[in-house]
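Enquirer: Here is a sequence with its predicted model. Questions after.
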Amino acid sequence: MSKNRIPVLPLRDIVVFPHMVVPLFVGRDKSVNALEKVMAGDKKIMLIAQKSASIDDPKKEDLFDFGTIANVLQLLKLPDGTVKVLVEGIQRASINIFYENEDCLESDIDLIDEIIDSTDKKLRALTKS
């Protein structure tokens, strides 16, 4: 496991796993700022599900401790100020230290390695499907 600081995108009513490609509509200012920040850099963002979708300004305690690092594949700014973004989950990660900045949320994360028991035929078949 290694530590990295990365912008955080809180998600409502969706969980993104590694290898999933998902379109998301983003409207909160901090979330849009986080996306703009990653587009200027390596295009990697931490996607974390909110515990309750009704919270508009989530804090650390409003988010789950685990999420997925994702690549931003495409970003489209819409006329109403929202953003449509296409992301691809890369790797699971956990929050280590959470930063609530004025412009966006960020976190130091621990990457979680995938451990697959290569002797279990059923598990190997499921991971390839």
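Expert: All right, it came through fine. Residues are numbered from 1 along each chain as shown.

Enquirer: out of everything not next to it in sequence, what's closest to Ser52?
Expert: Asp62 (6.8 Å; CB to CB, 6 or more residues apart in numbering). Placement of C-beta: from N, CA and C, glycine included.

Enquirer: quick one: Asp108 and Val8, what's the gap?
Expert: Using CB to CB, to the nearest Å, Asp108 is found at 11 Å from Val8.

Enquirer: what about these two, which has more around it?
Expert: Shown here are Asp108 and Val8; by other CB atoms under 10 Å, Val8 has more neighbours (25 against 13).

Enquirer: Does the more buried one fall in a helix, a strand, or a coil region?
Expert: strand (DSSP: H, G, I helix; E, B strand; the rest coil).

Enquirer: go on, Lys30?
Expert: Under three-state DSSP, Lys30 falls in the helix class.

Enquirer: which residues touch the closest residue to Leu105 other than its chain neighbours?
Expert: Among residues not flanking Leu105 along the chain, Val8 sits closest, at 4.1 Å (CB to CB, 6+ apart). With contact set as CB atoms under 8 Å, 6 or more residues apart in numbering, Val8 has these partners: Ala34, Ile45, Met46, Ile48, Leu63, Gly67, Phe98, Cys104, Leu105, Glu106, Ser107.
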